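**Student:** how does the following fold in three dimensions:
(one chain, ligands or ions: 1)
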Amino acid sequence: DPAPQHLLLDRRGSAPLATAWITLNRPAALNALNDALMDELGAALLQADADEGIGCIVITGSEKAFAAGADIGVMAGLGYADAVRGDFITRNWETIRRIRKPVIAAVAGHALGGGCELAMMCDLIIAADTAQFGQPEIKLGIIPGAGGTQRLPRAVGKAKAMDMVLTARTIGAEEAERAGLVARLVPAASLLDEAQKAADAIGRQPLLSILAAKDCVNRAFEGPLAEGIAYERRQFHAMFATEDQKEGMAAFLAKRKPVFKHR
Ligand code: CO8
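**Tutor:** The predicted model follows:
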């Protein structure tokens, strides 16, 4: 594979399962998202998901911008027929939904439009105090198109989602945390360390449990409660077929540290 043009890829962490770091790196456009970048992001995510040494993935941007949205230069010339026939964005934008390992968004600066939507497609957001979240599409004569009208109300409720989507108001990190969009709010200087700490906490766990737990929590946003509960129960039962369940519980009872094999 040729080296990516718009991403920096790295492997970090002190846990038994390492963390794949994906840094969006298109600084001249504040990490505006285009097909080339999203193709590279999709490929990097799939590679990390398949990598046996990786337990968690972090996506981050720069100090100034996680991502300032879809590339307006590209969209400006797009017509309705082009958007429909080219199925604008779905081709490569939602690869992240196929990723089974946890994906953390470490957000500093602008997370706007498609950038906010990308962060919301991650499993949890850790925000620097400099982070700004918004869906300003309305100002451009469009609407959010990568899940913003659906994931934002699930995260922050209808009132605040309507406020953001209809008035284009941007919210800061503190308001985003209060509203439930953000899992952790941290000083900008420690954003990457805090994201790594969270990733290490995941990388110390048995992978089969992590995959099942992520899958089950996502079900909570898909269907009726009864179906989600039944799904969770099956996954819960299945955990007793794993070697790591025997190891985790034996280690607890023997007052020693578990050594997980991810089997
Ligand atoms: N697209 C293309 N270029 C961008 C974008 C963008 N979204 N955002 C910033 N840039 C470029 C600027 O044009 C500028 O380039 P240049 O230096 O060549 O003029 C450079 O980045 C720096 O930007 P600014 O000079 O504007 O920096 P400021 O610090 O003054 O302002 C802001 C920062 C407030 C973030 C400002 O750049 C801004 O408002 N950007 C646009 C934000 C926006 O409207 N985002 C939503 C886009 S629409 C969208 O995301 C739709 C998603 C639908 C689904 C996905 C479809 C692909």
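**Student:** list the contacts of whatever residue of the stretch 101-250 of the chain ends up closest to the ligand.
**Tutor:** Ranking the residues of the stretch 101-250 of the chain by distance to the ligand (C-beta to the nearest ligand atom) places Gly113 first, at 2.4 Å. C-beta here means a position set from N, CA and C on the backbone, and glycine is covered the same way. Gly113 is in contact with 68-70, 134-137, 144, 148, counting by C-beta atoms under 8 Å, 6 or more residues apart in numbering.
**Student:** again, only using 7 Å
**Tutor:** Residues near Gly113 by C-beta atoms under 7 Å, 6 or more residues apart in numbering: 69-70, 135-137, 144.
**Student:** next: Leu78.
**Tutor:** Leu78 neighbours (C-beta under 7 Å, 6+ apart): Phe88.
**Student:** next one: Gly114
**Tutor:** 33, 67, 69-70, 146.
**Student:** most neighbours out of those, which is it?
**Tutor:** Ala67 (30 neighbours; other C-beta atoms under 10 Å).
**Student:** quick one: it and Gly61 touch, right?
**Tutor:** Yes - counting by C-beta atoms under 7 Å, Gly61 is a contact partner of Ala67 at 5.7 Å.
**Student:** list residues touching both of these two?
**Tutor:** Shared contacts of Ala67 and Gly61, counting by C-beta under 7 Å, 6+ apart, come down to 24, 31.
**Student:** in this structure Val156 contacts Val182, no?
**Tutor:** No - using C-beta under 7 Å as the test, Val156 is too far from Val182 to be in contact (9.8 Å).
**Student:** hang on, Leu45 is in a strand, isn't it?
**Tutor:** No - per DSSP: H, G, I helix; E, B strand; the rest coil, Leu45 lies outside any strand segment and is helix.
**Student:** and it, how many neighbours?
**Tutor:** So Leu45, with other C-beta under 10 Å, has 21 neighbours.
**Student:** state the distance from it to Val58.
**Tutor:** Using C-beta to C-beta, to the nearest Å, Leu45 is found at 11 Å from Val58.
**Student:** so Phe66: helix, strand or coil?
**Tutor:** Phe66 ends up strand, using three-state DSSP.
**Student:** for it, what are its contacts?
**Tutor:** 31, 105, 107-111, 115, 119.
**Student:** near the ligand, list only the ones from these.
**Tutor:** His110 (C-beta under 6 Å from any ligand atom).
**Student:** tell me the one among the contacts of Phe66 nearest to Gln235.
**Tutor:** Ala105 (24.7 Å; C-beta to C-beta).
**Student:** ok, residues contacting the helix or strand hosting that closest one?
**Tutor:** If you go by DSSP states H and E, Ala105 is part of strand 103-107. For strand 103-107, the surrounding residues in contact (C-beta under 7 Å, 6+ apart) are 56-60, 66, 96, 119, 122-128, 131, 191-192, 195, 198-199.
**Student:** having no further points to raise, I will conclude here.
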